[in-house]
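*Asks:* Quick one, what's the 3D model for this:
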Amino acid sequence: MAKTATYGVLHMASSFGIAYALTGSVTVAGAVTFVEPIVNTGLHYALDRYWDHPVMRRVRQLISRQTPVQSHSRPERPETARP
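*Replies:* Below you'll find the predicted structure:
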């Protein structure tokens, strides 16, 4: 639990620092710091809810599909031994 709490504090501090560096406004940085986790929580809930939907399953399969890389160069020939 301590690790999770520490991560939460670190996340909020970095969010505030980045927003403040970009805007120069404590008000905007504070709003971003508290609105961003709420939006992320909502998005995480939606993702969990629709993760097993057939359309999402197809999307995951397309993303994870491994296609072989074809080389257009000539294959290397073994060097011949010279006397």
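*Asks:* wait, isn't residue 36 in contact with residue 15?
*Replies:* Yes: proximity of residue 36 to residue 15 meets the contact threshold set by C-beta atoms under 8 Å, at 5.7 Å. For the C-beta atoms, the positions are set from N, CA and C on the backbone; glycine is no exception.
*Asks:* Between these two, which has more neighbouring residues?
*Replies:* Neighbours were counted for residue 36 and for residue 15 using other C-beta atoms under 10 Å; residue 15 has more, 18 against 15.
*Asks:* Mean pLDDT per helix and strand in the chain: which one sits at the bottom?
*Replies:* helix 54-64 (a mean of 87; mean pLDDT, DSSP states H and E).
*Asks:* Identify the residues contacting that helix?
*Replies:* Helix 54-64 is contacted from outside by residue 50, using C-beta atoms under 8 Å, 6 or more residues apart in numbering.
*Asks:* what separates it from the chain centre, distance-wise?
*Replies:* Centroid displacement of helix 54-64 relative to its chain, using C-alpha atoms, centre = their mean, to the nearest Å, is 17 Å.
*Asks:* Kindly report the same for stretch 5-18.
*Replies:* Counting by C-alpha atoms, centre = their mean, stretch 5-18 comes out at 17 Å from the chain centroid.
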